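J.: Sequence first, predicted coordinates after that:
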Amino acid sequence: MISMTGLTGFTCGKGRCQTHLAAPVPAKRRLPLVLATAMLATMLAGCSFGPDHARPAMDLPDAWRAGTADTGTVQDGWWKGFGDPALDAPVTAALDHNRDLAKAIANVDEARAQLGLARANQMPRVDAQGASQRQRYSLDSFNSFDESTRVQDLHNAGGTLSYEVDLWGRYRRASEAARASLLSTMAARDTVRLALTAQVARTYFDLRAYDQQLQVARDTLASRESTQELRKVRFELGLTSELDYRQAIAEAAAARSTVHTLQYNVSASEAALGVLTGKSPRDIVTGTVERGLAVDAVPVPPSVPAGLPSALLERRPDIVQAEQQLAAASANIGVAKAAYFPSISLTGLLGYESSDLTRLFTGPAGTWRYAGSVSMPIFDFGRIKAGVEAAEARQRAALAGYEKAVQDAFREAQDALVANRKARGVVEAQTTQVAALRRSLHLARLRYDNGYSSYLEVLDAERSLFDVEISLASAQRDQLVAVVEVYRALGGGWAGIAPQPPNAADTPAAPEAAPQAEKPVAAAQ
């Protein structure tokens, strides 16, 4: 490291002047010293230590598992592919007002400022300074003061120019580390952004699923309360047993309990959306969430882009974050190793000195001086070595973190792709099951009304239908959430694919139309 400093200013007082730097170098030796210094700086300015960052090689698959992906290209704004304007609003609000994202953005601003500081350390610095003092000296000291000169006034004003030549790459490596840290922080912000939008979509679909389940539970409760009243009248008239009546009361109570549970789930989902979208505490408590399409009416993108799995290394912001952390750790090794090498400093002064302020800027008052010094660590009890070893250990930890991030990314992506495919099959199967159970309930009621079976058959059919209708809403939510997880796992959405229209079979058909409900399901495959 070479340091060059220059000062333009003046220092004056009564009776004597003060010097600030080493003794002046003769003018005839000034030019050779400057030229030698410049040549040395030129030769050594390209030196730097520590490893250069390169992406670690990993054994990546050539393609996704068969049957999990199709064609398409990845894009941003993926949530718009669901075609629900009511989902766009909370996502936009979350991106504008979410506190976690605001914190991540502030971290990016801090990292950008740190990069500016690291780059500034490589540039010259100019400072202005000024001072004024009045001092009374002792007459009993070794200085030759008398009563008339023992009080001194000193005034100083000037400018300082300083510059350090980065011989060993210390500041270049520090700048590299700061830049990698900025990129890592920006990737962390993007990770928060992607996770936030995915969480908003999941919570919104949870809410719409709970809304649908609550409607099913309310309809079932109304039906069971009506049946309870009918069984009560029949029991009082002696047309049915008390067992039928008590069973009707129990079934109505079970449906009522489910309604209360789902009402809580709806309220909790609304509050969660309020926090995600950055609403005020008042709005979280008293506000409402705008509803859009029903969970069984949201268009589902029918396929997933098949692109090369290696694209995850570029798409996933958490992988980018881990890689840039590794790059910063590698650069910091060079910063630590640069401390082994000598530091060469040059200082210089150009200005005026005078004991009389009126003669400060005259020719005789002009002065200049510069000096050189070299310092190099000889024995520091292992301080530099320990610093290098610590930097190397942090680099190994960052490498392990990067490899783990890649492993997790591929696991999440593969799980999401498989879940996306299988969730469709679950919805189709449960849609068929709902249609069949509705038909079964219709037949059970006919058999009971005509005296061919007991009321237990009707109760069993009602319970089965109610449970499967609740499960169907959950399966439809899971199908949408599986698509959201694919978006998140792949680092965003994809273009080039038209959203799938709502499946007609997702809406359970009437009991009489049960056989026809299978056709739309087969067509959607």
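T.: Great, that's in hand. Numbers count the residues shown, from 1 in each chain.
J.: which intervals of the stretch 251-400 of the chain have sub-threshold pLDDT?
T.: 301-313, 344-362, 365-366, 369-372 (pLDDT under 70).
J.: From residue 187, how far off is residue 405?
T.: 11 Å (Cβ to Cβ, to the nearest Å). To be clear about C-beta, it is placed using only N, CA and C from the backbone, and glycine gets the same treatment.
J.: Check residue 103 too.
T.: Distance from residue 103 to residue 187, by Cβ to Cβ: 15 Å.
J.: Same drill for the two, tell me which one is more crowded.
T.: residue 187 (21 against 11; other Cβ atoms under 10 Å).
J.: Quick check: next helix or strand after the strand or helix carrying the more buried one?
T.: Assigned by DSSP states H and E, residue 187 belongs to helix 170-236. Where DSSP H and E defines the elements, the next helix or strand beyond helix 170-236 is helix 242-276.
J.: Next, the buried residues of that next one.
T.: Buried residues in helix 242-276, counting neighbours by 16 or more other Cβ atoms under 10 Å, are found at 244-245, 247-248, 251-252, 254-255, 258-259, 262, 265-266, 269-274, 276.
J.: quick one, phi/psi of residue 56?
T.: phi -60, psi 140 (degrees, to the nearest 10).
J.: Please name the residues that touch it.
T.: Residue 56 makes contact with 326, 399, 402-403, according to Cβ atoms under 8 Å, 6 or more residues apart in numbering.
J.: can you rerun that using 6 Å?
T.: The contact partners of residue 56, by Cβ atoms under 6 Å, 6 or more residues apart in numbering, come to none.
J.: so what pLDDT did it get?
T.: pLDDT recorded at residue 56 is 74.
J.: Name the spans of the stretch 51-200 of the chain whose pLDDT lies under the cut-off.
T.: In the stretch 51-200 of the chain, residues with pLDDT under 70: 59, 62-76, 129-131, 145, 147, 153-159, 165.
J.: Strands of that one, start to end?
T.: In the stretch 51-200 of the chain, the strands defined using DSSP state E, counting those that start in this stretch lie at 73-75, 125-136, 151-165.
J.: So which other helices or strands are in contact with the second one?
T.: Contacting strand 125-136 under the criterion 3 or more Cβ pairs under 6 Å, 6 or more residues apart in numbering; DSSP states H and E are the following elements: strand 151-165.
J.: hmm, try it at 10 Å
T.: strand 2-12, strand 151-165 (3 or more Cβ pairs under 10 Å, 6 or more residues apart in numbering; DSSP states H and E).
J.: how about residue 477, what does it touch?
T.: Counting by Cβ atoms under 10 Å, 6 or more residues apart in numbering, residue 477 touches 202, 205-210, 212-213, 295-296, 298, 423, 427.
J.: Kindly recompute the last result at 8 Å.
T.: Going by Cβ under 8 Å, 6+ apart, residue 477 touches 205-206, 208-209, 295.
J.: Tell me how far it lies from residue 423.
T.: Taken as Cβ to Cβ, the span from residue 477 to residue 423 is 10 Å.
J.: now do residue 431
T.: Taking Cβ to Cβ, one finds residue 431 at 13 Å from residue 423.
J.: what's the answer for residue 169, then?
T.: 53 Å.
J.: before we move on, back to that, report the angle between the helix holding residue 187 and helix 242-276.
T.: 160 degrees (axes from the mean of the first three to the mean of the last three Cα atoms, to 10 degrees).
J.: by contact count, what packs against helix 170-236?
T.: On a contact count with 3 or more Cβ pairs under 8 Å, 6 or more residues apart in numbering; DSSP states H and E, helix 170-236 meets helix 85-97, helix 99-120, helix 242-276, helix 317-337, helix 455-489.
J.: Understood, closing this out.
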